[in-house]
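In: quick check, what structure comes out for this input:
(one chain, ligands or ions: 1)
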Amino acid sequence: MIFSGPAHHVDHSPAGTVLRETNAREEQKVEKVIEITGLTKTYPNHRGIEDINLEIGKGDIFGFLGPNGAGKTTAMKIMTGLIRPDRGDVRIFGHSVLEEYEKATAQVGSIIEIAESHPYLSAWENLKQIARYYPHVDDSRLDEALELTGMLKYKHEKPRKFSLGMKQRLGIAAAILSRPRLLILDEPLNGLDVEGMIDIRRLIHRLAEEDNTTFFISSHLIHDVELTCTRIGVILNGKMLSVQSMPDILQNYASLENYFVSEVERNGRVSSSAS
Ligand SMILES: Nc1ncnc2c1ncn2[C@@H]1O[C@H](COP(=O)(O)OP(=O)(O)OP(=O)(O)O)[C@@H](O)[C@H]1O
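Out: Here you go, the predicted model:
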């Protein structure tokens, strides 16, 4: 099973304070894969993220859910070392991304914003370039990663001729190539058709179940997050509103959409009553 154990009980603290989840996770001493503390980044236009606190345990398929501009990419760029926060830190497998970047990201695969590839190398040659960094990745693993993402039939074709969905699949093949223990994927279903979404969702579940891979996935596609993820964090206007397990959400709200709307409305009421 991807997620098991009794329900989580979430402290619905106002946004900006530490969200505490007391429950079986702590009792089971789930290994912490990601610890985010006080993460804050303000761009010159005063937007960004504010005081994000979050823990992701081993085997979680965490869905980072929020509308356009909520702050998902900003948080994920900091997590993968692409930008520095103003305050706070991210620890991955116990290592600070700010202070021990190489150790923190050694077992992490990621796609942030768009899945980049060399347009004039074939799909296979693109993966071969990445494989140079990983001595344990042999040529058969390149084919395996292409097969897992439905790209094996295009292995000799070049990404400049690929659709957005095919580029996204190749990006996912690149991200999983080294068998990372954590995958950080920013909008991984971007550009995929229905079949592509189903394929990638199956792949995510398979990697979580068979290899105990942990996932941190951002998306604004509520229905897909509901089908894919085991825990959900809602982010709005740069602040984490709440974190809950998907079984709890479905039990208490019947659908992720109901939960999301309820959280956004509740936050709106908190803001207006506070002002
Ligand atoms: N380089 C930047 N300079 C100034 N403002 C920025 C910059 N990058 C992001 N922002 C602003 O910070 C906020 C958060 O943006 P971010 O890209 O993190 O959101 P997001 O949740 O990933 O959105 P989307 O779903 O549209 O990708 C937005 O209001 C955005 O306009």
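
In: can you give me the strands for the protein?
Out: 9-10, 21-22, 32-42, 48-57, 61-65, 87-92, 95-96, 108-111, 182-186, 214-219, 231-236, 239-245 (DSSP state E).

In: the fourth one to strand 214-219, inter-axis angle?
Out: It refers to strand 48-57. Relative orientation of strand 48-57 versus strand 214-219 (axes from the mean of the first three to the mean of the last three Cα atoms, to 10 degrees): 150 degrees.

In: next one: the last one
Out: Angle, strand 239-245 to strand 214-219, by the same axes, to 10 degrees: 130 degrees.

In: from the ligand, how far off is residue 149?
Out: 22 Å (Cβ to the nearest ligand atom, to the nearest Å). All C-beta atoms are positioned from the backbone trio N, CA, C, and that covers glycine.

In: look up phi and psi at that residue.
Out: phi -100, psi 10 (degrees, to the nearest 10).

In: tell me the pLDDT of it.
Out: We note a pLDDT of 93 for residue 149 in this prediction.

In: what is the neighbour count of it?
Out: Neighbours of residue 149 under the rule other Cβ atoms under 10 Å: 23.

In: count of neighbours near the residue of the stretch 151-275 of the chain at minimum distance from the ligand?
Out: Proximity of the stretch 151-275 of the chain to the ligand (Cβ to the nearest ligand atom) peaks at residue 220, 5.4 Å away. Neighbour count of residue 220, defined by other Cβ under 10 Å: 15.

In: can you tell me, leaving aside adjacent residues, what's nearest to it?
Out: residue 67 (5.8 Å; Cβ to Cβ, 6 or more residues apart in numbering).

In: and the one you found, what are its phi and psi?
Out: phi -70, psi 180.

In: surely it touches residue 219?
Out: No - counting by Cβ atoms under 8 Å, residue 67 stays clear of residue 219, with 10.8 Å between them.

In: who's more crowded, these two?
Out: residue 219 (21 against 13).

In: residues of the stretch 51-200 of the chain that sit close to the ligand?
Out: Counting by Cβ under 6 Å from any ligand atom, the residues of the stretch 51-200 of the chain close to the ligand are 66, 68-74.

In: looking at those, which is nearest residue 257?
Out: The closest of these to residue 257 turns out to be residue 66 (Cβ to Cβ; 13.6 Å).

In: need the contact list for the closest residue to the closest one other than its chain neighbours.
Out: Distances taken as Cβ to Cβ, 6+ apart place residue 235 nearest to residue 66, at 3.8 Å, with adjacent residues excluded. By Cβ atoms under 8 Å, 6 or more residues apart in numbering, residue 235 lies in contact with 49, 52, 64-66, 70-72, 75, 241.

In: now do residue 142
Out: 124, 127-128, 131, 177.
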